[in-house]
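Enquirer: got a sequence here, can you build the structure:
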Amino acid sequence: MRVVLIGQQAFGKAVLEAILDAGKDDVSGVFCSPDREGQPDDPLKAGALERNIPVFQPDRFRSADAVAQFTGLTPDLCVMAYVTDIVPMEMIQAPTHGTIQYHPSLLPLHRGPSSINWPIIMGEKKTGLSIFWPDEGLDTGPVLLQKEVEIGPDDTLGSVYFNHLFPRGVEAMLEAIDLIRAGDAPKITQDEGKATYESWVRSKAAKIDWSLPARRVYDLIRGCNPQPGAHTKHGDETLRIFDSSFGAEGDPGVTPGTVIASGADGIEVATADGTVLVRRVQRPGAKKEPAAEFASAAGLKIGDRFG
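Expert: Numbering: from 1, shown residues only. This is a model prediction of the structure:
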């Protein structure tokens, strides 16, 4: 088949390389975001140029020029691998066999842009990925295939993505393409009665409420690690918290947010029903550092409060 790939970053590059290395289909072109001044080339663009694949970088995928460039490649299949822009239906419907898209959740659960963060933040024990046929809605099209992924009690956004959803997503893309080539690709309608949608995990959603149970605080921190980083206040300074661990259970007997211990392992902070051990933090304009180093530099004392 003649494949056109739309995507970006390392995941897009990995999917491109996997298709080319499989040697079953031809990639006619790659579409990715425009270059940013002073920034290196997108990994997908770099990977395509290394393989002598034509690269297109429209300012807007919905522009007439972008649609004309796409349809001019006469694709049999469009593969969307990590797409954040809106791709028009003129592109989605143009290929002979349509368009497939990767989404890192078990659709119809966790539609939306931060679909890896939210299951962790919500304390769920599993998530997964879907390869689906996009339509006019947001992550609403029929499902081609899905893969489940376990969320361990100490998994973070980074570990779930890089250890599971990234590599298994690349494999699933190849499996889906094989099914399409063989004429065996299903189109399973999503159950709207089970659908959920969550927006971006940004600053407001990543703010720590220490008055919540320790498990919920811990889940928020790991669901925001490494992006966007859960945050709290120390005095007038916003502190982003990354590596942490679930601490003691039971009423700590102090106001939530209170520092009850500080040492080489980190800073132990009280919650509604236990503690969380903060291990790595980041001050504004600084690099990430061990919490013990921050505590020493900031003169943190037992009894100080976050939040």
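Enquirer: and the closest residue to residue 275 other than its chain neighbours, its phi and psi?
Expert: Spatially, and ignoring its direct neighbours in sequence, residue 275 is nearest to residue 247 (3.4 Å; C-beta to C-beta, 6 or more residues apart in numbering). Bear in mind the C-beta positions are built from the backbone N, C-alpha and C, glycine included. Residue 247 adopts backbone torsions of phi -90, psi -140, taken as degrees, to the nearest 10.
Enquirer: dump the residue contacts of residue 247.
Expert: Applying C-beta atoms under 8 Å, 6 or more residues apart in numbering to residue 247 gives the contacts 214, 268-269, 274-277.
Enquirer: swap in residue 238?
Expert: Residues near residue 238 by C-beta under 8 Å, 6+ apart: 231-232, 284.
Enquirer: pull up the per-residue confidence for the residue nearest to residue 275.
Expert: pLDDT, residue 247: 88.
Enquirer: bridged to the nearest residue to residue 146 once chain neighbours are set aside, which residues?
Expert: Spatial nearest neighbour of residue 146, chain neighbours left out: residue 130 (4.9 Å); criterion: C-beta to C-beta, 6+ apart. Taking DSSP bridges, one finds residue 103, residue 146 as the beta-bridge partners of residue 130.
Enquirer: OK, contacts around the residue positioned nearest the centre of the chain?
Expert: Taking C-alpha atoms, centre = their mean, the centroid of the chain lies closest to residue 116, which sits 4.9 Å from it. Residue 116 makes contacts with 104-105, 127, 157, 160-161, 165, as judged by C-beta under 8 Å, 6+ apart.
Enquirer: now residue 51
Expert: By C-beta under 8 Å, 6+ apart, the contact set of residue 51 is 16-17, 20, 27.
Enquirer: same thing but 10 Å
Expert: 16-17, 20-21, 27, 30 (C-beta atoms under 10 Å, 6 or more residues apart in numbering).
Enquirer: okay, which residue of the chain is out on the far edge from center?
Expert: Extreme point of the chain relative to centroid (C-alpha atoms, centre = their mean) is residue 253; 37.1 Å.
Enquirer: I figured that one was touching residue 274, is that so?
Expert: No. Under the criterion of C-beta atoms under 10 Å, residue 253 is not in contact with residue 274, lying 11.2 Å apart.
Enquirer: partner strands of the lowest-mean-pLDDT helix or strand in the chain and their direction?
Expert: None of the helices or strands of the chain scores lower by mean pLDDT, DSSP states H and E than strand 244-249, at a mean of 90. Taking DSSP bridges as the criterion, strand 244-249 forms sheet pairs with strand 274-278 (antiparallel).
Enquirer: secondary structure class for the residue farthest from the centre of the chain?
Expert: Secondary structure, DSSP: H, G, I helix; E, B strand; the rest coil: residue 253 is coil.
Enquirer: can you pull out the helices in the protein?
Expert: 9-22, 43-50, 64-71, 89-92, 117-121, 157-160, 166-182, 214-223, 291-298 (DSSP state H).
Enquirer: figure out which of those helices is closest to residue 259.
Expert: helix 291-298 (8.3 Å; C-beta to C-beta).
Enquirer: strand 274-278 and the closest one, what's the angle between them?
Expert: Calculated by axes from the mean of the first three to the mean of the last three C-alpha atoms, to 10 degrees, helix 291-298 forms an angle of 80 degrees with strand 274-278.
Enquirer: what sits against residue 237?
Expert: 283-284, 298.
Enquirer: of the contacts of residue 238, which belong to strands?
Expert: Counting by DSSP state E, the part of these found in strands is 231-232.
Enquirer: which one of the contacts of residue 238 is nearest to residue 86?
Expert: Nearest to residue 86 among the contacts of residue 238 is residue 231, at 29.7 Å by C-beta to C-beta.
Enquirer: give me the nearest residue to the closest one, chain neighbours excluded.
Expert: Using C-beta to C-beta, 6+ apart, the closest residue to residue 231 is residue 240 (4.8 Å).
Enquirer: domain ranges for this structure?
Expert: When the chain is parsed with automatic domain parsing, its domains come out as 2-194, 214-298.
Enquirer: and of those domains, who's closest to residue 204?
Expert: domain 214-298 (10.2 Å).
Enquirer: on that earlier part again, let me have the domains of the chain in JSON lines, adding distance to residue 204 as columns.
Expert: Below are the domains of the chain laid out as JSON lines (distance: least, C-beta to C-beta, whole Å):
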{"stretch": "domain 2-194", "distance to residue 204": "12"}
{"stretch": "domain 214-298", "distance to residue 204": "10"}
